[in-house]
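Asker: here are the coordinates; sequence isn't available:
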């Protein structure tokens, strides 16, 4: 059963607009803070074997974050702790190539004993995520993408959430991906405005987007 596209009205929340490529939802996915590597204020810096990454939390569910081209791993510093608070171990990779994202998954399995992993990608990070999953469709437990730029088939049956602004040029990619992807739990969420990918976390849609991400992670973490 395909899920319909959801268009939400803007929430009345303060937020600053950013043209580049934020955050609430609750309900446990069980986790606390990480422990190895060199501690930094906004996450624990580690080496995945394919470059540096930041880690938050030590829960039994894994989440790998892949940033947009104009961003870095630290750009998730507001969102990652909230995901970790739901009971996840969160890895934000610096290298957003398919190999870099796969190294984040391997780090979770090898260093933290976490095998069930959700992949979250934004724009260029979404592209790297989709390329990886197209080659290894059974790798992720679920996929969440912010403003993917192109339609990619063969992403496997895992649950998928595609988020975009309804007036950005690539909005139709998210709706098309939700329609054609394999599996029964594919959804496109379009929010008001034209802001792209991680820029949404700097708008008044930040809580809508973050709430949707947290809800999906919680919904499918135990499946």
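Answerer: Arrived safely, thanks for sending. Source: prediction; values computed, not measured.
Asker: any idea where the helices of this protein begin and end?
Answerer: Here the chain has its helices, by DSSP state H, at 79-85, 98-112, 124-135, 171-180, 206-220.
Asker: could these be laid out in JSON lines, adding mean neighbour count?
Answerer: (C-beta placed from N, C-alpha, C; glycine too.) Listed next are the helices of the chain as JSON lines, based on neighbours: other CB atoms under 10 Å:
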{"stretch": "helix 79-85", "mean neighbour count": "23"}
{"stretch": "helix 98-112", "mean neighbour count": "20"}
{"stretch": "helix 124-135", "mean neighbour count": "23"}
{"stretch": "helix 171-180", "mean neighbour count": "19"}
{"stretch": "helix 206-220", "mean neighbour count": "20"}
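Asker: Could you give the bridge partners of the residue positioned nearest the centre of the chain?
Answerer: Residue closest to the average C-alpha location in the chain (CA atoms, centre = their mean): residue 120, at 2.1 Å. Following DSSP bridges, residue 120 is listed with bridge partners residue 65, residue 144.
Asker: Contact partners for it?
Answerer: Going by CB atoms under 8 Å, 6 or more residues apart in numbering, residue 120 touches 63, 64, 65, 66, 129, 143, 144, 145, 146, 213.
Asker: try it again with 7 Å
Answerer: Neighbouring residues of residue 120 by CB atoms under 7 Å, 6 or more residues apart in numbering: 63, 64, 65, 66, 144.
Asker: just to revisit the earlier point, out of the helices of the chain, which is closest to residue 92?
Answerer: For these, the distance to residue 92 is smallest for helix 79-85, at 5.8 Å, taking CB to CB.
Asker: contacting residues around that closest one?
Answerer: Contact with helix 79-85 is made by 22-23, 31, 43, 56-57, 59, 63, 65, 90, 92, 201, 210, 214, 217, as judged by CB under 7 Å, 6+ apart.
Asker: Show me how to select, in ChimeraX, the buried members of these.
Answerer: Filtering the contacts of helix 79-85 down to the buried ones (16 or more other CB atoms under 10 Å) takes a single ChimeraX command:
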select :22,23,31,43,56,57,59,63,65,90,92,201,210,214,217
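Asker: of the contacts of helix 79-85, closest to residue 181?
Answerer: Set against residue 181, the nearest of the contacts of helix 79-85 by CB to CB is residue 217 (18.0 Å).
Asker: residue contacts, the closest one?
Answerer: If you count contacts by CB under 7 Å, 6+ apart, residue 217 has them with 29, 63, 83, 86, 88, 118.
Asker: Tell me how far it lies from residue 204.
Answerer: To residue 204, residue 217 is 22 Å away according to CB to CB, to the nearest Å.
Asker: try residue 174
Answerer: Counting by CB to CB, the gap from residue 174 to residue 204 is 20 Å.
Asker: And for residue 156, nearest residue in space, chain neighbours not counted?
Answerer: Once flanking residues are discounted, residue 156 sits nearest to residue 137: 2.8 Å by CB to CB, 6 or more residues apart in numbering.
Asker: So what's the residue count around the closest residue in space to residue 134 that isn't next to it in sequence?
Answerer: Leaving aside its sequence neighbours, residue 134 sits nearest to residue 154 (CB to CB, 6+ apart; 4.7 Å). Residue 154 has 11 neighbouring residues, counting by other CB atoms under 10 Å.
Asker: Model confidence for residue 154, exactly?
Answerer: At residue 154, the model reports a pLDDT of 96.
Asker: isn't it right up against residue 132?
Answerer: No - assessed by CB atoms under 7 Å, residue 154 is found out of contact with residue 132, at 11.5 Å.
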